[in-house]
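Engineer: Fold the following and give me the result.
(2 chains)
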Amino acid sequence: METLNIQILLHFSSKDLEKLLRSILFIDVENRKEKVNFYFADQSEDKKEFLIVQKLIEKATKKVSPNINLILYKQPNYGFGKGHNEEYRTNKEKYENSFIILNPDSILPFDFITNIDMYLSQLEHENWGLLELKQFPSEHPKYFNAQTLETNWVSGAGMIINIAAFENIGMFDENIFMYGEDVDLSMRMRINNYKILHLPKASFTHLTKDTDVSKESEFTRVSKQAAELYLRYKFGKDKDVERYIELIGEHDPHRKSIIKKFGEMKSKLERRSFYKDFVDENQDYTNFRWTL
Amino acid sequence: MEKKKWTIIVRTQGKNNDLELKNALNSLIAQTYENISIIITIHNDNEKVIKETLSFLVPFQKMIEIKPIVVRKKQGNRSYPLNVALRYVDSEYLSFLDNDDIYYPNMGKGLINIIEKNKASFAYGRSIKAIEKKEEDNLGNTYLYLQKKFVFETKDFNKISFLMDNYIPFNSFIVKTSLIGNTRFDEKLYYLEDWDFLRHLVLKKDFSIAQLHKPVSEYRLRNDDTDTFNEKNSSKWEESRLITDKNIENKKLEIDFKDINDLFKQQNNERNQLRGEIARISSNPAYKLWVKVRDNKIVKKTIGRVLNIIRKNK
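Structural biologist: I've put the predicted structure just below:
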């Protein structure tokens, strides 16, 4: 067993955090000698919000098992990938072989750590790069092999990252502010022959908001679709990008913003690397966007 | 202000706790509605199973109020534990959940909100049907593999159509306990006890309904003999249908013009949808070609001959 380090980014997440902290109080860590550390980085850049978060964490610290540490600090609003890279850079001296990233809108079951420990021990000799925690009640609509547990990509809402692999592939792509960075990380893990696996027994509740795509905010819509274009550009061919622009359509009210944002991301990219498995035969792309 | 209490009666036989009951309970812990209590009926007469289930519940009891009730199996069929649990309900709102199904986090908040907003006594939402398969991975762990999900076929509520056909799954409604009164589940029924119970509620004077057009729960099937409905037990289903029809035979049916008008509109819509589908298929060039081929005398004869040869070879 190793010390478990869990990174969580907060952005005006105090309401969700309350539920998450309440569930952390009941996590079973009694038989664990090593600590479980939760690192909360508040990206809100708002004094009032930070104070609320601070109070919640102080309150939980008094009640939580002595085997669990709750650590809070401020971070500029770097977005998802860079935010986690920064958390990792700050704390990596304390990390061992892997670390976990988790969304704040999560509720953890009492056997959350027990199940993670079980998988980490079972997979000790496997060449894995990413392990996906199962989201409950709604799993991601994507394929995984029922026996080998291999999957195409791993969601950033809850994943375990192998540190050696993470360093080797250059961590999260900081050109992506939000959405799609998990798909990008998964792609690069696969290109470098690291296995990425789904862990069906290591589940947590993910309180996803309304999944109705038509109700998404402009920011979400633009970010997701720009990321989709960027990933196609980064790992695919020009025709993959053109095809997706066609799918967006001439009359989409966000078309200009999506292409502008994609242009900004593209200009910062240093190298394209064509990946033969970019388009997976097992996946029905007509009804499903990767970055969703 | 504190929210009014909502009780969920969970029915289990103590089988597959780690694969099924665990999910049901986690889905209750995840509810965004506050002030919840759970009554779990353990319907089994095997003392080992009872003991295991009670100890399985201990960590969950630290997180949420759970009252376990042991109901020995010899005391009755599927209705009996529900009736036992009803004796212990002291809350404003009530709902039911089987151990192999789950609620979505919005279930309580969504349905209680519309009950209060519409001053209704009953509310239901959509349910998602999930097909799962028991799997063992290469690491030796057993788990449920999700094969498929789709929206449970449901309709806008209409009193007349509901008395003819059940389209409100057991895990997709919340009812005001005051509406239940002395109504109980019929213990003669092997199956359909939920529909029979709802039919009695629907026929009450105080019954008023609100509908949420969002998924609130998941009805999980495993496509094996453990499912409630399978070919082996179809005769018991038919028997149950006869009993439940007889149960409401002499009940007074208060139906107003609106119910009839709504039903007429609903059926008209369905008919139009069907007509639209037929028109769409008929206008498809591939279908037109198929009709020509199908009606061709030579093709018909050839198919007949081929089928005869196959039959003879068998």
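Engineer: Quick check: buried residues in the longest strand along chain B?
Structural biologist: For chain B, the strand with the greatest residue count under DSSP state E is strand B:122-136. Across strand B:122-136, burial judged by 16 or more other CB atoms under 10 Å in any protein chain shown covers B:122-128, B:130, B:132, B:135. In this view, the C-beta of every residue, glycine as well, is placed from N, C-alpha and C.
Engineer: which one of those residues sits closest to chain A?
Structural biologist: B:E135 (4.6 Å; CB to the nearest CB).
Engineer: So for the helix or strand encompassing B:T53, mean pLDDT?
Structural biologist: According to DSSP states H and E, B:T53 maps onto helix B:47-61. In this model, helix B:47-61 has a mean pLDDT of 96.
Engineer: In terms of secondary structure, what does the longest strand of chain B contact?
Structural biologist: Applying 3 or more CB pairs under 8 Å, 6 or more residues apart in numbering or on different chains; DSSP states H and E, one finds that strand B:122-136 makes contact with helix B:107-117, strand B:142-151, strand B:173-176, strand B:209-221.
Engineer: Could you tell me which strands sit next to the longest one in the sheet, and their orientation?
Structural biologist: In other words, strand B:209-221. Sheet pairing for strand B:209-221, assigned by DSSP bridges, gives strand B:102-103 (antiparallel), strand B:122-136 (parallel).
Engineer: Make JSON lines out of these and add distance to B:I281 and mean pLDDT.
Structural biologist: Shown next, in JSON lines, are the strands paired with strand B:209-221 (distance: least, CB to CB, whole Å; pLDDT from 0 to 100):
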{"stretch": "strand B:102-103", "distance to B:I281": "37", "mean pLDDT": "96"}
{"stretch": "strand B:122-136", "distance to B:I281": "25", "mean pLDDT": "93"}
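Engineer: Only C-alpha atoms, please: export stretch A:61-76 in PDB.
Structural biologist: Backbone C-alpha positions of stretch A:61-76 (Å, rounded to 0.1, in the frame of the first residue of the first chain) are rendered in PDB as follows:
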ATOM      1  CA  THR A  61     -10.600  18.300   9.700                       C
ATOM      2  CA  LYS A  62     -11.900  18.200  13.300                       C
ATOM      3  CA  LYS A  63     -14.100  15.200  12.500                       C
ATOM      4  CA  VAL A  64     -12.100  13.200   9.900                       C
ATOM      5  CA  SER A  65     -10.000  10.100  10.600                       C
ATOM      6  CA  PRO A  66      -6.400  10.900  11.700                       C
ATOM      7  CA  ASN A  67      -5.300   8.900   8.700                       C
ATOM      8  CA  ILE A  68      -6.800  11.500   6.400                       C
ATOM      9  CA  ASN A  69      -5.300  15.000   5.800                       C
ATOM     10  CA  LEU A  70      -7.200  17.800   4.200                       C
ATOM     11  CA  ILE A  71      -5.000  20.500   2.700                       C
ATOM     12  CA  LEU A  72      -6.200  23.700   1.100                       C
ATOM     13  CA  TYR A  73      -4.500  26.400  -0.800                       C
ATOM     14  CA  LYS A  74      -5.200  29.100  -3.400                       C
ATOM     15  CA  GLN A  75      -4.400  28.800  -7.000                       C
ATOM     16  CA  PRO A  76      -4.900  31.300  -9.900                       C
END
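Engineer: Helices of the stretch 51-200 of chain A, start to end?
Structural biologist: A:80-91, A:112-122, A:163-168, A:181-191 (DSSP state H, counting those that start in this stretch).
Engineer: rank those by pLDDT, which is bottom?
Structural biologist: helix A:181-191 (a mean of 93).
Engineer: packing partners for that one?
Structural biologist: For helix A:181-191, the elements it packs on are helix A:80-91, strand A:128-136, strand A:195-206, helix A:218-235, judged by 3+ CB pairs under 8 Å, 6+ apart.
Engineer: Which among those is found nearest to chain B?
Structural biologist: strand A:195-206 (4.2 Å).
Engineer: model confidence over the closest one, on average?
Structural biologist: In this model, strand A:195-206 carries a mean pLDDT of 95.
Engineer: With distance to A:K195 added, can I get the strands paired with strand B:209-221 in CSV?
Structural biologist: Formatted as CSV, the strands paired with strand B:209-221 follow (distance: least, CB to CB, whole Å):
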stretch, distance to A:K195
strand B:102-103, 30
strand B:122-136, 18
